[in-house]
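Trainee: Got a sequence here, can you model it:
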Amino acid sequence: MARGRSDIADRLLDADEVERVFVLLRDAMGGDMAGAKGPKGQPDAFRACIACMLSAQSRDANTTAATKALFRLAKTPQAILELDENTLIDAIRPAGLYNNKAKAIRKFCRQLIDERNGAVPDTRAGLMAMHGIGRKCADIVLSFTFGGDAIAVDTHVGRVCERTGLAIGSTEAAIAAALDQRAPDWAKPEGHFWLIRLGKRICTSRAPKCPDCFLNQLCRYPDKRV
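Mentor: Okay, the predicted model is just below:
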């Protein structure tokens, strides 16, 4: 996250400024969102959750390789539980942390069968009650798979929020909770896309392109370069 969190707390954007930021984000970073697929293009909520779990600390290409390998073998909770340990680990190995992820996936599948009759919850609280599903994964599945209004906070979104003064927090989950309270409802369906695009294209981790940023008059980043 951005440095100077305690200072930023005193420089949070007010409600009118937050509204203005999202209007500018929509105008500059909106567009071809209708066909967006996620997470990782999975066709159902169960595989979306598994893909999210595999994506932790993994590059997109490695996550894709792991999900493809796993779902060639099994596409349901029961089918995954029927895989032996070595087969499961070998399939998800490209995503890294495969021993821990294999255990988490098995616990998730078992809980889904025992407590939910195989049905993935369609609420944030329900998703976060499942083993291995944190706030970011819950919001991604909620938004992409179930069409809920949630702005998922990853590294890029969290960085933009703290730099600009949209929202702050000690963790991505805390930033997401704060952002959920501060963002206007109309911006939530596509706000994740706008913020992540800004974070990747302009508000980059190193050498942010502040002079080129359409938010530079509102942004509260202490190291802003204009």
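
Trainee: Sticking with I80, tell me its helix or strand.
Mentor: Counting by DSSP states H and E, the element that carries I80 is helix 77-81.

Trainee: which strands and helices sit next to that helix?
Mentor: Of the remaining helices and strands, those touching helix 77-81 by 3 or more C-beta pairs under 8 Å, 6 or more residues apart in numbering; DSSP states H and E are helix 98-116. All C-beta spots, glycine's among them, are computed from the backbone N, C-alpha and C.

Trainee: Contacts for the helix or strand following the helix it packs on, please.
Mentor: Stepping forward along the backbone from helix 98-116, the first helix or strand reached (DSSP H and E) is helix 124-128. In this structure, residues lying in contact with helix 124-128 by C-beta atoms under 8 Å, 6 or more residues apart in numbering are 49, 120-121, 133-135, 137-139, 141-142, 148, 150.

Trainee: Lowest-confidence one in those?
Mentor: When these are sorted by pLDDT, the bottom entry is G148 at 84.

Trainee: wait, what's in contact with it?
Mentor: If a contact means C-beta under 8 Å, 6+ apart, then G148 has D122, R124, L142 as its contacts.

Trainee: Show me this protein divided up by domain.
Mentor: By the assignment in automatic domain parsing, the chain contains the domains 5-33+150-212, 45-144.

Trainee: Name the surrounding residues that touch the helix or strand hosting I50.
Mentor: With secondary structure defined by DSSP H and E, I50 is part of helix 45-55. Counting by C-beta under 8 Å, 6+ apart, helix 45-55 makes contact with 38-40, 42, 63, 66-67, 70-71, 75-77, 80, 92, 95, 101, 104-105, 108, 112, 118, 120, 122, 127, 130, 132-133, 136-137, 140-141, 144-146, all of which sit outside it.

Trainee: Helices along the protein, start to end?
Mentor: For the chain, applying DSSP state H gives helices covering 5-9, 15-29, 45-55, 60-73, 77-81, 85-92, 98-116, 124-128, 135-144, 155-164, 172-182, 188-201.

Trainee: So which of those helices is nearest R225?
Mentor: Nearest of these to R225, taken as C-beta to C-beta: helix 155-164 at 11.8 Å.
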